[in-house]
Every structure is written in C-alpha cells, then in structure tokens.
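Peer 1: my questions concern the predicted model and sequence given below.
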Amino acid sequence: MRCRKCKGKAVLDVPRHHTAFCKACLTEFVCAQVERAISEERMFTKADRVLVAVSGGKDSLSLLDILGKLGYQADAFYVDLGIGEYSRQSKAKVERYTSARGISLHVHELKEDEGAGINDLADLVHRPTCSVCGTLKRYHFNRTAVEKGYSVLATGHNLDDEAARLLGNVLHWQTEYLEKQGPTLPDSVEGFAKKVKPLYRLAEREIAAYAVVNKIDYIVEECPNAQGAKMLLYKDILNRLESESPGTKQAFYWGFLTRQKTDEQARPSMAEHDRAVLRPCVTCGQPTTSEICSYCKLMARAQKNGPTPVGS
Ligand code: Q46
Ligand code: ZN
C-alpha cells in the first residue's frame, strides 16, 4: 500500500476518503482536519487560552499534541476518578506527557475533594456510575476552566464518539440532547466556558494511528466502567456499517450538523435560550437551570446517604 500523496510506504488506509497515508502525510492530514474544524466551527483562535480535558487516552493526549503542533495555547486538566490501577496508570501517562513538554497540568482529585472515588459516590447516590461521572466531569471541566481563566474547554471526542452518541439520541428521540449535540457549544452566559470538540472530523482509528506514529504514550485500556456500556454497542454497529459502506459515520454525523445549522436559523439560538433560563446555583454559584445545580444536588445526596466527607 502506497501513500496517495507522496507515494511513500503507507501506514493507514482511509477508505472514507479513498486514500492512504504514510507517517508524515497522516500527521499532516490529521492536523489539517483539526485546523479545519477549529476555523469552520469558529472554536477558538491563537489568542485564546484553551483547557484540554485529558483522560490519558489516545484521543485527549493526541488533541493536546495536535494543538501544540498547530501553535495554540493549550493546557491540560485531569480529573482523578479514583478507579484503582486504571486511574493510577492514566494519571501517570498524563503527568509524563505534560511534564516532558512543559505543559501546565491542573488536577482534580475526587477522593480528596469529594471524599470518595467515582464508584463509591455512585453507590451512595444509587445512580449508574457513568451518569454520576458525567455530572461530576461536566461540572469540574467548566468550573476549572472559568476559575483558571480559560475561555475554551476542549474535549477529545472524535467522529466515532459523536456518531455513536447521535445514534443513541435518535434511537430514543432525545430531542433536548440532540439540540445540544454540536462540536461547538457557545459560552452563552457568564460563568460558562465555550465547549469544543476539535477531533469531530476524525475517526477513532485515524487518531489511534496518529498517536502511534507520533509516539504518544497513552493508556490503552478503557475505563473498567465502560464495559458493556451502550456507547460501545452503538460504535460496534456503526463500525459494521462503515466497513460495508465507507463514509457512513461521516455522512450520518456531518449530515446531522448541516441540518442542525439550517434549523437554527428558524428558531431562537441556544445562547438566547440559555441566557433566559440559567441562573447561579444558590449553593456554589455555578450556572444552572434550577435553584440548585445537579452537582450540588448529587453531593447533598451523597452526604445524606453516607459518611463521606464532602468538599466543594
Ligand atoms: S470515565 Fe466515567 Fe467514562 Fe469511566 S466512569 Fe463511565 S463515564 S466509563 S467516559
Ligand atoms: Zn452548585
């Protein structure tokens, strides 16, 4: 297999673009796709300070790497979920990557600040672990970005993640989630950082190949709580469709984004809607749609149900 661009030895075929790339051309392709996502979706500029939420996995560390190569100001934020060996290893990968490149790293420790790891917290509030994890991560991503002066919070969600999420939302007609499923969510009110997903144009296997070619030392294991998650099933189904018919994932998700943009012109923008409904949480001051934000509700419930010393 030869690289379509330079005719060198190809390391990855990309059937959805009818092409194949060598190491150098793959890196160029990946960086160009991210640059295009950033400019087309007006995510941020070189003047913005960007906080990248990193897990130690290939996507978030690659995103940090690509933003550095492209000359953006990007720092890292890691939430230590306290999941035994998995958290220890993923944190070590993040620390090694950032310290080797002189990137600032902010860390939030659940065991220290919330008084328990994610599995114990989920038990205390009798809710599925990943749902509690989602609430906590969303809260701390935003709070840390705002408090530390970052205007933008970037996550490593790729095309496979977004297409799988879209499939889940469509299968259950979660229209309220569909409205908010875009690669750029605006900083509609004070106290909210803009949220962006600069990898949405790239498939998981393309990013995995980028990480290997660029010698990024990432944690290969998935979070142990991800096993059996619905998202993995949706990804598997989409991968089967993709192998039969390359380009399916991209057509599904990008087609959704095109329709979403047309619809937006016909109704009030999400920013206007948010401005009308959001107010500061009476407990912590973070923006919320009800009197008390979902993080504070969750922590109050954990405190009521257990001996956990709860921080804020
Ligand atoms: S980290 Fe958290 Fe995922 Fe682990 S506990 Fe579930 S949601 S699976 S992205
Ligand atoms: Zn709150």
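Peer 2: On my side now, so go ahead. Numbering: from 1, shown residues only. Ligands and ions are numbered 1, 2, ... in the order given.

Peer 1: hey, let's count contacts and neighbours off CA atoms from now on
Peer 2: Will do.

Peer 1: which bits of the stretch 1-150 of the chain sit near ligand 1?
Peer 2: Selection of the stretch 1-150 of the chain residues close to ligand 1 by C-alpha under 6 Å from any ligand atom yields 129-130, 133-134.

Peer 1: do you have the strands of the chain handy? List them.
Peer 2: 12-14, 19-21, 49-53, 73-80, 105-109, 152-154, 184-185, 194-196, 279-280, 287-288 (DSSP state E).

Peer 1: pick the most deeply packed of those.
Peer 2: Ranked by mean neighbour count, the strands of the chain are led by strand 152-154 with a mean of 28 (mean count of other C-alpha atoms under 10 Å).

Peer 1: parallel or antiparallel, list what pairs with that strand.
Peer 2: strand 49-53 (parallel), strand 194-196 (parallel) (DSSP bridges).

Peer 1: contacting residues around the shortest one?
Peer 2: The set of residues external to strand 194-196 that reach it, using C-alpha atoms under 8 Å, 6 or more residues apart in numbering, is 43, 151-155, 183-188.

Peer 1: so among the residues you listed, where is pLDDT lowest?
Peer 2: Taken together, these show their lowest pLDDT at residue 188, with 62.

Peer 1: okay if I get the strands paired with strand 152-154 as CSV plus distance to residue 246 and mean pLDDT?
Peer 2: Below are the strands paired with strand 152-154 laid out as CSV (distance: least, C-alpha to C-alpha, whole Å; pLDDT from 0 to 100):
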stretch, distance to residue 246, mean pLDDT
strand 49-53, 30, 98
strand 194-196, 26, 94
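
Peer 1: to residue 301, which of the ones you listed lies closest?
Peer 2: Set against residue 301 and scored by C-alpha to C-alpha, the strands paired with strand 152-154 come closest in strand 49-53, at 26.4 Å.

Peer 1: and the closest one, how far out from the chain middle?
Peer 2: Distance of strand 49-53 from its chain centroid, counting by C-alpha atoms, centre = their mean, to the nearest Å, is 11 Å.

Peer 1: returning to that earlier point: any quick ChimeraX command for the buried ones out of the residues of the stretch 1-150 of the chain next to ligand 1?
Peer 2: Of those, the buried ones can be selected in ChimeraX as follows, counting by 16 or more other C-alpha atoms under 10 Å:
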select :129,133
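
Peer 1: can you put the residues of the stretch 1-150 of the chain next to ligand 1 in JSON lines and add distance to residue 160 and pLDDT?
Peer 2: Below are these laid out as JSON lines (distance: C-alpha to C-alpha, whole Å; pLDDT from 0 to 100):
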{"residue": "129", "distance to residue 160": "22", "pLDDT": "95"}
{"residue": "130", "distance to residue 160": "19", "pLDDT": "94"}
{"residue": "133", "distance to residue 160": "20", "pLDDT": "97"}
{"residue": "134", "distance to residue 160": "18", "pLDDT": "95"}
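
Peer 1: closest one of the residues of the stretch 1-150 of the chain next to ligand 1 to residue 80?
Peer 2: residue 133 (10.9 Å).

Peer 1: returning to that earlier point: format the strands paired with strand 152-154 as JSON lines; extra columns: distance to residue 252.
Peer 2: Listed next are the strands paired with strand 152-154 as JSON lines, based on distance: least, C-alpha to C-alpha, whole Å:
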{"stretch": "strand 49-53", "distance to residue 252": "26"}
{"stretch": "strand 194-196", "distance to residue 252": "19"}
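
Peer 1: nearest to ligand 2, out of these?
Peer 2: With C-alpha to the ion as the criterion, ligand 2 lies closest to strand 194-196 of the strands paired with strand 152-154, at 18.8 Å.
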